[in-house]
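Engineer: got a predicted structure here, sequence first:
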Amino acid sequence: MDAVPDRPHPHPLTEGAPSPTYVDAHLHLLALASRLVGVEVAPPAVVSIPTLQERLRQHARLSPPGQWIRGWGYDDFVLGRHPTRHDLDAVAPHHPVRLVHRSGHASVLNTLALRLVGLSRYADDPPLGLVERDTEGEPTGLLLGLEEWLDQRLPTLPHDALVEGLRRANALLTTQGIALVHDATPTNDLERFHLLSWARRQGLLTVGIVFLPGITHLETFARAGLRPGPAGNLTIGQAKILLSPSTQGRLPGVAEVVEQVAEAKGRGWAVAIHAVEKEAVALAVEALHRAGPPPGPQPHRIEHASECPPRLVEALRALGAWVVTNPLFLYYSGPRYRATISPEHLPFLYPFGSLWRAGVPLAFGSDAPVTLPNPALGIRTAVERKGYDGVALCPQEGLPWEVAVWAHTAAGWKVAGLEEGVLV
């Protein structure tokens, strides 16, 4: 199995040329802050179950019993499997432990953590998501699609850890030359909006922030007199809609998504629809087509559009929506994609070139903390389409250099309806 190399240094755009002002058009600031003060369990730091256990053991020794241990980014492809509660119990039995998968859409808990959130052999599963169980009905520790459910039951980061995490996140972003970020967290509510506004006032975050509220929270924003556009020291962006298959593999019906888009439009919002698989992208395209154009200067956008065959590329062109996508996924997951996706489907994976040639506007983001922000590497990957192992994945889908630069700079302002370089 390929080992993931150390995170590379940024590449200059051209030798001796100054770096442009970058925009990360899709990330999750509070989750990034949490990752940066938690236990690093992503490759290359952790490439086996024993190295994972050793990291947790060392952290547990330095933490008082009962204190939560959080880690982000374990990769089951690199590890060979998901960890189990037994793996975590062996090294941290007296600390509740939560490890978040590299995708951000699965977690592993140890036995103490499972008990604290109310999951056991005899407890019913939450209504959404999946609790993996062994043959005796005991939870293995793996929870799928239950991040929001868990966040409602786990304690928030202690204030000092949150402040330090935000400082580290800001340092990382500014070191990478990033001036503006879009926080696209689907659970973004008014409390998070005020928290990030406070962090900017305190100087913990000096980057500009476009805040995409979750679709279920628009009423509270409206009651507070908040609408898309500049709002104090933040900018409010499109309403975030999450399209993910249920535990039965079913997506919501198109009528339900159209209703969500129509509700957002009625309150003055365009939408940003999370759609990864081709079925979800097709659903997003159809819902936006039926719902009609956005109500203001901010365009509709589709987040990720990871699987996008030619018929969907053409549908996106006709729709006029933006695609905000993630070239770093090709770099960090290229070997996994080649090993797990059939060759006939690989050309439809992040087809940047086809989208650009069709006239679909593109903006790039890291999806941090899924990958750590590195716009220069993202640009290079969008051009060359090489994974960390140096092997190119469908190089015909690479972008011209200047287009990739635009997608990580000016495009991030334009998709938010902002004048380039002007922060609120």
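Structural biologist: That came in fine, so what should we check first? Residues are numbered from 1 along each chain as shown.
Engineer: going forward, measure contacts between C-alpha atoms and count neighbours the same way
Structural biologist: OK.
Engineer: how about the helices of the stretch 151-300 of the chain, start to end?
Structural biologist: For the stretch 151-300 of the chain, the helices defined by DSSP state H, counting those that start in this stretch cover 159-175, 190-201, 218-223, 254-266, 278-291.
Engineer: could I get these as CSV with mean neighbour count, distance to Val415 and mean pLDDT?
Structural biologist: Formatted as CSV, the helices of the stretch 151-300 of the chain follow (neighbours: other Cα atoms under 10 Å; distance: least, Cα to Cα, whole Å; pLDDT from 0 to 100):
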stretch, mean neighbour count, distance to Val415, mean pLDDT
helix 159-175, 18, 20, 97
helix 190-201, 15, 20, 98
helix 218-223, 14, 20, 96
helix 254-266, 18, 17, 95
helix 278-291, 21, 16, 96
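Engineer: how does this protein divide into domains?
Structural biologist: 22-33+157-414, 37-151 (automatic domain parsing).
Engineer: OK, contacts around the residue most central in space within the chain?
Structural biologist: In the chain, the residue lying closest to the centroid (Cα atoms, centre = their mean) is Asp367, at 3.5 Å. Neighbour list for Asp367: His26, Leu27, His28, Asn326, Pro373 [criterion: Cα atoms under 8 Å, 6 or more residues apart in numbering].
Engineer: next one: it from Val271, what distance?
Structural biologist: 18 Å (Cα to Cα, to the nearest Å).
Engineer: quick check, pLDDT for Pro8.
Structural biologist: On the pLDDT scale, Pro8 is placed at 36.
Engineer: quick one on the thing from earlier: nearest to Glu420, of the domains of the chain?
Structural biologist: domain 22-33+157-414 (5.4 Å; Cα to Cα).
Engineer: next, the distance between the ends of that closest one.
Structural biologist: Domain 22-33+157-414: ends 13 Å apart by Cα to Cα.
Engineer: what of stretch 304-318?
Structural biologist: Termini of stretch 304-318 sit 18 Å apart (Cα to Cα).
Engineer: and for stretch 244-257?
Structural biologist: Terminal-residue distance, stretch 244-257 (Cα to Cα): 12 Å.
Engineer: rewinding a little: please report phi then psi for the residue nearest to the centre of the chain.
Structural biologist: phi 60, psi 30 (degrees, to the nearest 10).
Engineer: and the gap between it and Ala184?
Structural biologist: 9 Å.
Engineer: check the contact lists of the two and give me the overlap.
Structural biologist: Common neighbours of Asp367 and Ala184 (Cα under 8 Å, 6+ apart) are His26, Leu27, His28.
Engineer: confidence score at the nearest residue to the second one once chain neighbours are set aside?
Structural biologist: Computed as Cα to Cα, 6 or more residues apart in numbering, the closest residue to Leu27 that is not its neighbour in sequence is Asp367, at 4.2 Å. Model confidence at Asp367, expressed as pLDDT, equals 97.
Engineer: go on, Ala123?
Structural biologist: 91.
Engineer: measure the residue lying farthest from the centre of the chain to Leu205 for me?
Structural biologist: For the chain, the largest distance from the centre (Cα atoms, centre = their mean) belongs to Glu136, which lies 34.3 Å off. According to Cα to Cα, Glu136 stands 48 Å off from Leu205.
Engineer: which residues in the stretch 201-350 of the chain form strands?
Structural biologist: Per DSSP state E, counting those that start in this stretch, the stretch 201-350 of the chain carries strands over the ranges 208-211, 229-231, 234-236, 239-242, 271-275, 301-304, 322-325.
Engineer: which elements pack onto the longest one?
Structural biologist: Okay, so that is strand 271-275. strand 239-242, helix 278-291, strand 301-304 (3 or more Cα pairs under 8 Å, 6 or more residues apart in numbering; DSSP states H and E).
Engineer: check the first one too.
Structural biologist: Contacts of strand 208-211 with other secondary structure elements, assessed using 3+ Cα pairs under 8 Å, 6+ apart, are made with strand 178-183, strand 234-236.
Engineer: what's the shortest one packed up against?
Structural biologist: Contacting strand 234-236 under the criterion 3+ Cα pairs under 8 Å, 6+ apart are the following elements: strand 208-211, strand 229-231.
Engineer: list the strands paired with the last one, with their directions.
Structural biologist: Okay, so that is strand 229-231. Strand 229-231 pairs in its sheet with strand 234-236 (antiparallel), by DSSP bridges.
Engineer: so what's the gap between the strand it pairs with and the chain middle?
Structural biologist: 19 Å (Cα atoms, centre = their mean, to the nearest Å).
Engineer: returning to that earlier point: do you know which of the helices and strands packed on strand 234-236 lies nearest Thr51?
Structural biologist: Going by Cα to Cα, the one of those nearest Thr51 is strand 208-211, 36.3 Å.
Engineer: quick one: mean pLDDT over the closest one.
Structural biologist: 97.
Engineer: picking up where we left off before, deepest-packed of the helices and strands packed on strand 208-211, please.
Structural biologist: Mean neighbour count, computed with mean count of other Cα atoms under 10 Å, is highest for strand 178-183 among the helices and strands packed on strand 208-211, reaching a mean of 24.
Engineer: residues near the closest residue to Leu146 other than its chain neighbours, how many?
Structural biologist: Sequence neighbours aside, Gly129 is the residue nearest to Leu146 in space, at 5.2 Å (criterion: Cα to Cα, 6+ apart). Counted with other Cα atoms under 10 Å, residues neighbouring Gly129 total 20.
Engineer: repeat that for Arg250.
Structural biologist: Neighbours of Arg250 under the rule other Cα under 10 Å: 11.
Engineer: roughly how far does it sit from Ala282?
Structural biologist: Arg250 is 14 Å from Ala282, by Cα to Cα.
Engineer: over to Ala171?
Structural biologist: If you go by Cα to Cα, the gap between Ala171 and Ala282 works out to 38 Å.
Engineer: go on, Asp124?
Structural biologist: 33 Å.
Engineer: can you give me the end-to-end distance of stretch 336-347?
Structural biologist: 15 Å.
Engineer: for Pro400, which non-adjacent residue is spatially closest?
Structural biologist: Val383 (6.1 Å).
Engineer: that older thread, of all the helices of the stretch 151-300 of the chain, which lies closest to Arg55?
Structural biologist: helix 159-175 (19.1 Å).
Engineer: elements contacting that closest one?
Structural biologist: Using 3+ Cα pairs under 8 Å, 6+ apart, helix 159-175 is in contact with helix 29-37.
Engineer: quick one: strands adjacent to the helix or strand just after the helix it packs on?
Structural biologist: Next helix or strand after helix 29-37 toward the C-terminus (DSSP states H and E): strand 39-40. Each strand paired with strand 39-40, and its direction, by DSSP bridges: strand 69-74 (parallel).
Engineer: the partner strand to helix 29-37, inter-axis angle?
Structural biologist: Angle, strand 69-74 to helix 29-37, by axes from the mean of the first three to the mean of the last three Cα atoms, to 10 degrees: 100 degrees.
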